[in-house]
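Engineer: Here's a sequence, model it:
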Amino acid sequence: MPKVLIAADSKDVRDEVKAVLDGRDFEVVEVPSGQAVRQVAAEQVPDLVVVDLQMGSMGGVATCLDLRLEESAGRLPHIPVLMLLDRRADVFLARRANCDGWVVKPLDPVRLRRAVRQLLAGQTFHDESYKPVSV
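Structural biologist: Sure thing, here's the model as predicted:
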């Protein structure tokens with residue numbers, strides 16, 4: 001059973017992701033900050049980390065970069081990272097952080113589950129389905 005670590009300072013975001021993943025398919029671990037990710041990742045070595053872009057003092061970009069630095073130093077294996085973005089313009093940040101995939105909010109359970117499955121299969125997922133509504 002794949003282990004997924006969810007990092008978001010908003011309980012609502014963690015609950016939303018957990019609702020999509022929880023059950024017999026995944027083991028879900030939650031942390032309320034980006035600062036907690038490295039330690040939990042080192043102790044439990046999740047198969048996937050899901051990070052919210054906007055988190056307190058260490059957001060999704062810094063969290064992803066921290067995991068990549070630990071990987072490059074040989075202290076952690078490669079752990080795929082899925083970033084939850086607030087808007088389409090944040091794709092630039094996700095790319096710069098070297099995350100493996102992203103989903104633009106509002107979260108859609110079908111897109112989120114597809115992204116998780118693809119990342120766990122060693123692929124990437126770039127949420128191109130989100131199109132801003134013109135008014």
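Engineer: need the strands for this structure, in chain order.
Structural biologist: Along the chain, the stretches classed as strands by DSSP state E are 3-7, 27-31, 48-52, 81-85, 101-104, 125-126.
Engineer: In its sheet, which strands sit next to the fifth one, and in what direction?
Structural biologist: Using DSSP bridges, the neighbouring strands of strand 101-104 in the sheet come out as strand 81-85 (parallel), strand 125-126 (parallel).
Engineer: Need those in JSON lines (columns: mean neighbour count and distance to Leu21).
Structural biologist: Backbone N, C-alpha and C define where each C-beta goes, glycine included. Putting these into JSON lines (neighbours: other CB atoms under 10 Å; distance: least, CB to CB, whole Å) gives the following:
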{"stretch": "strand 81-85", "mean neighbour count": "26", "distance to Leu21": "11"}
{"stretch": "strand 125-126", "mean neighbour count": "18", "distance to Leu21": "14"}
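Engineer: any chance of the ones you listed in TSV, plus mean pLDDT and distance to Glu16?
Structural biologist: Below are the strands paired with strand 101-104 laid out as TSV (pLDDT from 0 to 100; distance: least, CB to CB, whole Å):
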stretch	mean pLDDT	distance to Glu16
strand 81-85	97	9
strand 125-126	94	17
